[in-house]
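Engineer: quick one, what's the 3D model for this:
(chains A and B)
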Amino acid sequence: MASRIEIRLAGTGGQGMILAGILLADAAVRDGKEVVQSQSYGPEARGGASRAEVIISDAEIDYPKVISADVLLCMSQEACDRYADQMKERRLLILDSNHVSRAPTTEAIRVPITQLAQDATGREITANVTALGLLAGLTGIVSRPSLEAAVRSHVPKGTEGVNLKALAAGFEEAGRVK
Amino acid sequence: MSPMLMQGDEACAEGAIAAGCRFFAGYPITPATEVAEVMARRLPQVDGFFIQMEDEIASMAAIIGAAVGGAKSMTATSGPGLSLMQENIGYAAMAEIPCVVVDVQRLGPSTGRPTSPAQGDVMQAQWGTHGDHPIIALAPSSVKESFDLTVAAFNFAEKYRTPVILLMDEVIGHMREKVELPDYATVERVERAQTLVPPEWYKPYENYPVDVPPLIPFGEGYRYHITGLHHDERGYPTERADEVNLWLDRVFRKIRRGLSEILLYDADGIDAAETLVVAYGSTARSAHYAVELARKRGRRVGFLKLKTLWPFPEEVVDKAAERIHRVVVPEMNMGQMALEVERVVGRRKVRRVNRADGQLIKPDEILAAIEGMR
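Structural biologist: Numbers count the residues shown, from 1 in each chain, chains lettered A, B, ... in the order given. Predicted structure coming up:
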């Protein structure tokens, strides 16, 4: 259990939180780690709360959900209100300041993720991938080549270039924030 | 194959392909739709057939028909669909038709909560259709087990000529996990038994000398009758009690004689244990986490994970609980498998941990029961 890292990606349905979870988990597999990815969402296709959870470990993973997060990404105010207090003491809280205005703590990384994605690709729908680049750049939980390979194999055909640009924007921002 | 990220529902469908399933009929329903999606893509690649039916009643009827035609067949649904399938599941039990019914359980009753997990269909898997009949039901607790137990489900269905229910749950069905699947050519497959007798001697429900007479596909010149009525050895309706009893004895006997291979479970740390945790499906993962925590605190805890839920592994549970004072049974329902455990070990020993609110039981809740705090 010692090496168990719990990551929660939370936002609104349609923001691509579940795809982000899949990309992160796939990258972890490519890094040779044990990984479990799960999700929670409502019956609606867009709107409503949506969250993905990823557990990464060197050992076999039994309980597949987040108990208290090591890393939390919030892409909506509702997600932040709901999950910000369910974290470990040593933790990383990443907020998309385009969507989250009230944070419960000053110890949060606030980045205009959606704006960064819009500037890098012209499409704010890629904000989930920019967020992943930021998260991976800040934590090193997964390697950049693995994450790039995961993006190439999972995003819709023809959007690989756009998504890799969005990912790069996240990594660059991580370099600035650090 | 190299390690990959795969969903439980996908692994179930791949297990079906590996086991030789070549016919799928179903109606989409959360959280089982992904099984149908993968089958729709994969079956044409292996010369199989996929049909989206008008509803679950027809889906169940279609897979029975395909099985009688000689194909290994499967459907996948969730609780509301399983309710609709019950009449034809009874028909498959009565007519001894091999087929696999996947139920990715969600919170019920009725429409309940489509995207939330539950284990509320345990009793329905055995008793949902009327009348006495044996059934085999298996419950995976990981993506890899979703593959393995789907293969086992097909093999049991063919070997014992019975419907087999795969009781998944939303957590396992929708979860993605790192898996390494075997080369499908190396997967053990049980194929339909053949007969040595000519068509005029063939009896599809012969009671001796074997418990499981071969089911010869329609269209091969072996003409016989199939009915949901009680029937004689040739399949024609009977009202004779002696013939009904022969059938009843045989269908229970064939499962009983196979128990040593049908009852699948994992056990660890039971010999030295004071407390035993009995769990299945996704709840087994929370339970194992709790067992590890308790052991770190110096408690002697045994862990029994049931993969076969029906027939209920009475002797396995009885033996595991022999010297144990407290048996903790966590499950995402109001206490269904606990009823069976209580029947075997006695009510006083059992501590139930139940949730039926669409939430996976947390390790802390099970730990409290292990430590006697609830």
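Engineer: who's in contact with the nearest residue to residue A:86 once chain neighbours are set aside?
Structural biologist: Residue nearest to residue A:86 in three dimensions, not counting chain neighbours: residue A:68, with 5.7 Å by CB to CB, 6 or more residues apart in numbering or on different chains. C-beta here means a position set from N, CA and C on the backbone, and glycine is covered the same way. Applying CB atoms under 8 Å, 6 or more residues apart in numbering or on different chains, we find residue A:68 in contact with A:6, A:86, A:87, A:88.
Engineer: residue A:68 and residue A:7, how far apart?
Structural biologist: Distance of residue A:68 to residue A:7, computed by CB to CB, to the nearest Å: 12 Å.
Engineer: shaky segments in chain A?
Structural biologist: Applying pLDDT under 70 to chain A flags the ranges A:1-2, A:42-46.
Engineer: in it, which spans are helices?
Structural biologist: Counting by DSSP state H, chain A has helices at residues A:17-30, A:77-83, A:113-121, A:127-139, A:144-154, A:160-177.
Engineer: ditto for the stretch 151-300 of chain B
Structural biologist: Assigned by DSSP state H, counting those that start in this stretch, the stretch 151-300 of chain B shows helices spanning B:170-174, B:241-257, B:259-262, B:283-296.
Engineer: residue A:176: neighbouring residues, count only.
Structural biologist: 8 (other CB atoms under 10 Å in any protein chain shown).
Engineer: and the residue nearest to residue B:128 when sequence neighbours are not counted, backbone torsions?
Structural biologist: Excluding its sequence neighbours, the residue lying closest to residue B:128 (CB to CB, 6+ apart) is residue B:86, at 4.4 Å. In terms of degrees, to the nearest 10, the main-chain angles of residue B:86 are phi -60, psi -40.
Engineer: flag every residue of chain B that's near chain A.
Structural biologist: Residues of chain B lying close to chain A (CB under 8 Å from any CB of the partner chain) are B:3-5, B:30, B:114-115, B:171, B:174-178, B:282, B:285-286, B:288-289, B:292, B:360, B:362-363.
Engineer: just the buried ones from these?
Structural biologist: For the residues of chain B next to chain A, a burial check counting by 16 or more other CB atoms under 10 Å in any protein chain shown picks out B:4-5, B:30, B:114-115, B:171, B:174-178, B:282, B:285-286, B:288-289, B:292, B:360, B:362-363.
Engineer: report the secondary structure state of residue B:83.
Structural biologist: Using DSSP: H, G, I helix; E, B strand; the rest coil, the structure places residue B:83 in helix.
Engineer: for it, give me its contacts.
Structural biologist: Neighbour list for residue B:83: B:124, B:128 [criterion: CB under 8 Å, 6+ apart].
Engineer: any idea of the pLDDT on it?
Structural biologist: pLDDT, the model's per-residue confidence, is 98 for residue B:83.
Engineer: same question for the one 4 residues further on.
Structural biologist: Note on residue B:87: pLDDT of 98.
Engineer: flag every buried residue along the one helix or strand it maps to.
Structural biologist: Per DSSP states H and E: residue B:87 is located in helix B:79-95. Within helix B:79-95, the residues scored as buried using 16+ other CB under 10 Å are B:79-86, B:88-95.
Engineer: again with stretch B:317-327
Structural biologist: By neighbour count with 16+ other CB under 10 Å, stretch B:317-327 contains the buried residues B:317, B:320, B:321, B:324, B:326, B:327.
Engineer: what's around residue 8, how many residues?
Structural biologist: All of this refers to chain A. Neighbours of residue A:8 under the rule other CB under 10 Å: 24.
Engineer: my bad, chain B
Structural biologist: Using other CB under 10 Å, residue B:8 has 32 other residues around it.
Engineer: ok, it touching residue B:166?
Structural biologist: No - the pair residue B:8 / residue B:166 is not scored as a contact, 10.7 Å apart, by CB atoms under 8 Å.
Engineer: overlap of the contact sets of these two?
Structural biologist: Contacts common to residue B:8 and residue B:166, judged by CB under 8 Å, 6+ apart, are residue B:140.
Engineer: give me the sheet partners of the lowest-mean-pLDDT helix or strand in chain B and which way each runs.
Structural biologist: Lowest mean confidence among the helices and strands of chain B (mean pLDDT, DSSP states H and E): strand B:113-117, at a mean of 94. Using DSSP bridges, the strands paired with strand B:113-117 in its sheet are strand B:99-107 (antiparallel).
Engineer: is the residue of the stretch 1-150 of chain B found nearest chain A in a helix, a strand, or coil?
Structural biologist: Going by CB to the nearest CB, chain A is nearest to residue B:5 of the stretch 1-150 of chain B, at 4.6 Å. The local conformation at residue B:5, judged by three-state DSSP, is strand.
Engineer: tell me the pLDDT of it.
Structural biologist: So residue B:5 comes in at 97 (pLDDT).
Engineer: returning to that earlier point: buried among the contacts of residue A:68? Make that a PyMOL selection.
Structural biologist: In PyMOL, this line selects whichever of the contacts of residue A:68 come out buried by 16+ other CB under 10 Å:
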select buried, chain A and resi 6+87
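Engineer: reformat the contacts of residue A:68 as CSV; add distance to residue B:302.
Structural biologist: Shown next, in CSV, are these (distance: CB to CB, whole Å):
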residue, distance to residue B:302
A:6, 28
A:86, 32
A:87, 34
A:88, 30
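Engineer: closest one to residue A:149 out of the contacts of residue A:68, please.
Structural biologist: residue A:6 (23.4 Å; CB to CB).
Engineer: the buried residues of stretch B:317-327: which two are farthest apart?
Structural biologist: The distance between the two most remote of those (CB to CB) is 13.9 Å, for B:317 and B:326.
Engineer: follow-up on the earlier one: which of the helices of the stretch 151-300 of chain B sits most buried?
Structural biologist: Here the criterion is mean neighbour count by mean count of other CB atoms under 10 Å in any protein chain shown, and of the helices of the stretch 151-300 of chain B the winner is helix B:170-174, at a mean of 29.
Engineer: re the thing from before, I'd like the buried residues of stretch B:317-327 as CSV, with secondary structure appended.
Structural biologist: Shown next, in CSV, are the buried residues of stretch B:317-327 (three-state DSSP):
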residue, secondary structure
B:317, helix
B:320, helix
B:321, coil
B:324, coil
B:326, strand
B:327, strand
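Engineer: and the residues you listed as a markdown table, adding pLDDT?
Structural biologist: Output for those, formatted as a markdown table (pLDDT from 0 to 100):
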| residue | pLDDT |
| --- | --- |
| B:317 | 98 |
| B:320 | 97 |
| B:321 | 96 |
| B:324 | 94 |
| B:326 | 96 |
| B:327 | 98 |
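Engineer: closest one of those residues to residue B:51?
Structural biologist: Distances from residue B:51 to those, taken by CB to CB, are shortest for residue B:317, at 39.9 Å.
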